[in-house]
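Peer 1: Any chance you could fold what I've pasted below:
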Amino acid sequence: MAVTGDDSDSDATGDVPAYQLRSPGAGLAQGAGMMSSGGHAPSAPHGAGEVTRKREVRLMKNREAARECRRKKKEYVKCLENRVAVLENQNKTLIQELKALKDIYCHK
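Peer 2: Numbers count the residues shown, from 1 in each chain. Here you go, the predicted structure:
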């Protein structure tokens with residue numbers, strides 16, 4: 001039997017999640033096995049070396065994806081910093097212009 005947690009209400013109320021016991025085949029379509037072809041458990045023909053190789057490939061791809069994500073984030077932050085600088089300069093110019101217009105119209 002498998003134990004499953006239903007914590008959909010626990011987040012909102014802060015309560016401990018309720019658990020239900022169910023049989024291993026419950027909820028599966030008739031004729032469906034326990035593991036699909038994309039399961040995480042290695043099947044019999046696969047050796048430990050292949051599992052290790054696949055793990056290494058997956059970890060390498062993950063590292064590359066993380067590196068790319070960090071690079072894109074840096075680029076995005078630089079873009080935002082440049083935008084802030086432009087908007088601060090524009091704001092400074094507009095404040096000076098407003099001050100000049102107030103001086104012109106207030107001294108009449």
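Peer 1: Going along the chain, name the helices of this protein.
Peer 2: All helices of the chain, identified by DSSP state H, fall at 10-13, 48-106.
Peer 1: Dump those helices into a markdown table; add mean pLDDT and mean neighbour count as well.
Peer 2: All C-beta spots, glycine's among them, are computed from the backbone N, C-alpha and C. A markdown table is the format used below for the helices of the chain (pLDDT from 0 to 100; neighbours: other C-beta atoms under 10 Å):
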| stretch | mean pLDDT | mean neighbour count |
| --- | --- | --- |
| helix 10-13 | 47 | 9 |
| helix 48-106 | 96 | 10 |
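Peer 1: Residue 56 versus residue 47, what's the distance?
Peer 2: Counting by C-beta to C-beta, to the nearest Å, the gap from residue 47 to residue 56 is 14 Å.
Peer 1: meant to ask about residue 107, not that
Peer 2: Per C-beta to C-beta, residue 107 is found 77 Å from residue 56.
Peer 1: Kindly report the same for residue 82.
Peer 2: 39 Å.
Peer 1: got it, and residue 81?
Peer 2: Counting by C-beta to C-beta - residue 81 and residue 56 are separated by 37 Å.
Peer 1: Same check on residue 70?
Peer 2: For residue 70, the distance to residue 56 - C-beta to C-beta - is 21 Å.
Peer 1: cool, and residue 71?
Peer 2: From residue 71 to residue 56 the distance is 23 Å (C-beta to C-beta).
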